[in-house]
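Q: need the 3D shape of this:
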Amino acid sequence: MTLDPTFDDAAAPGESRRALREALGVAFATSAYGISFGALAVAAGLDVWQTCVLSLLMFTGGSQFAFVGVIASGGLAAAPAAIASASLLGIRNIAYGVRMSPVIGAGFFKRAAAAHFTIDESTAVSLAQRTAHAKTVGFWVTGVGIYIGWNLSTLAGALAGDVLGDPKAYGLDAAAAAAFLALLWPRLTRRQPIAVGIAAAVVATVLTPVLIPGIPVLIAALVAVVVGWFGRGEATQAPDDDVPEREGLP
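A: Now for the predicted structure:
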């Protein structure tokens, strides 16, 4: 949806208030996932402080779940592969940054701060608004709100997971993979993402018994990129009616 330069906050004073309500609602709902991440990270072998630092510095949910998923399967020896897997998922934030650059505006320190809050939710809420000021409100309130809530809930989840003890006793050793699948599932709405997911899953399943933990994930990611590249025509030829006016949230 393009921004109409004649449609500003003076003509629609309620736009910024609506952006604020949407941003706070998304921030509250998304922050709740941090409890799951905190508990799963501790179950994967991280200390409480390591889990909290990961949320403070990395702050991108999909990459964090991918990181602890690899760590859970291979321990700290799989850390390089876990970092690589998380980085592959984090690359999408570069595209978000390019899209959000006109919204953020000029200024080194403002852009540096915005880079840390440029995630799926802040981008989606911002781009769903119709005025420049509402877009700015949507971005900052969503990003900062989720950052605060995510880190607080991460701490709560990590402390709870630390109290539980051995994750295998509760079946939590497979929970990181299940949580990541739950994040991925809503995106499988067209043939191309489904084909990419199936191809990557088959490759990872076949290679997991014969390679060290984390490496099958990286190879599966490479397969996903190749399959996605050759299947990109479907997305470019999709009719406009199939594209919702408001971008869906993860």
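Q: in the helix ranked longest in the chain, what's buried?
A: Secondary structure of the chain per DSSP state H: the longest helix is helix 132-164. Across helix 132-164, burial judged by 16 or more other Cβ atoms under 10 Å covers 132, 134-147, 149-155, 157-158, 161-162. Any C-beta I mention is one placed from the backbone N, CA and C, and that applies to glycine too.
Q: any weak-confidence spans in the protein?
A: Applying pLDDT under 70 to the chain picks out residues 1-13, 72-82, 84-90, 164-190, 192-197, 200-201, 204, 207-250.
Q: so which residues of it form helices?
A: Using DSSP H, helices in the chain cover 15-31, 33-43, 48-57, 61-74, 79-90, 92-104, 108-117, 120-127, 132-164, 175-184, 191-207, 215-230, 232-236.
Q: which residues touch the first one?
A: Meaning helix 15-31. 9, 61, 121, 124-125, 128-131, 133-135, 137-138, 141-142, 145-146, 148-150, 152-153, 249 (Cβ atoms under 8 Å, 6 or more residues apart in numbering).
Q: for stretch 153-162, give me every contacting residue.
A: Contacts for stretch 153-162 (Cβ under 8 Å, 6+ apart): 31-43, 48, 51-52, 55, 167, 172.
Q: how does it look with 6 Å?
A: Residues outside stretch 153-162 that contact it (Cβ atoms under 6 Å, 6 or more residues apart in numbering) are Ser31, Gly34, Ile35, Phe37, Gly38, Ala39, Val42, Ala43, Val48, Thr51, Cys52, Ser55.
Q: widest-spaced pair of the residues you listed?
A: Ser31 and Ala43 (19.9 Å; Cβ to Cβ).
Q: just want to know which of those two has more residues nearby.
A: Ala43 (26 against 19; other Cβ atoms under 10 Å).
Q: gap between the more buried one and Thr51?
A: 10 Å (Cβ to Cβ, to the nearest Å).
Q: okay, the contacts of stretch 153-162 in CSV with distance to Gly107 next?
A: Below are these laid out as CSV (distance: Cβ to Cβ, whole Å):
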residue, distance to Gly107
Ser31, 27
Gly34, 29
Ile35, 35
Phe37, 32
Gly38, 34
Ala39, 38
Val42, 38
Ala43, 41
Val48, 36
Thr51, 33
Cys52, 29
Ser55, 26
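Q: buried ones among those residues?
A: By 16+ other Cβ under 10 Å, the contacts of stretch 153-162 give Ser31, Gly34, Ile35, Phe37, Gly38, Ala39, Val42, Ala43, Val48, Thr51, Cys52, Ser55 as buried.
Q: identify the residues contacting the second one.
A: Right, Gly34. Trp150, Ser153, Thr154.
Q: return the member of those residues nearest to Ala106.
A: Trp150 (28.0 Å).
Q: grab the nearest non-local neighbour of the closest one.
A: Nearest in space to Trp150, with sequence neighbours left out and distances taken as Cβ to Cβ, 6 or more residues apart in numbering, is Gly34 at 4.3 Å.
Q: kindly report the same for Ala23.
A: Nearest one to Ala23, counting by Cβ to Cβ, 6+ apart, is Val141 at 3.7 Å.
Q: I'd like the distance between the one you found and Leu159.
A: With Cβ to Cβ as the criterion, Val141 and Leu159 are 27 Å apart.
Q: now do Val206
A: From Val206 to Leu159 the distance is 38 Å (Cβ to Cβ).
Q: cool, and Arg21?
A: Following Cβ to Cβ, the distance that separates Arg21 from Leu159 is 31 Å.
Q: same check, this time on Ala29
A: When Ala29 is compared with Leu159 (using Cβ to Cβ), they lie 22 Å apart.
Q: ok, now Asn151?
A: Taking Cβ to Cβ, one finds Asn151 at 13 Å from Leu159.
Q: ditto for Asp120
A: In terms of Cβ to Cβ, Asp120 sits 26 Å off from Leu159.
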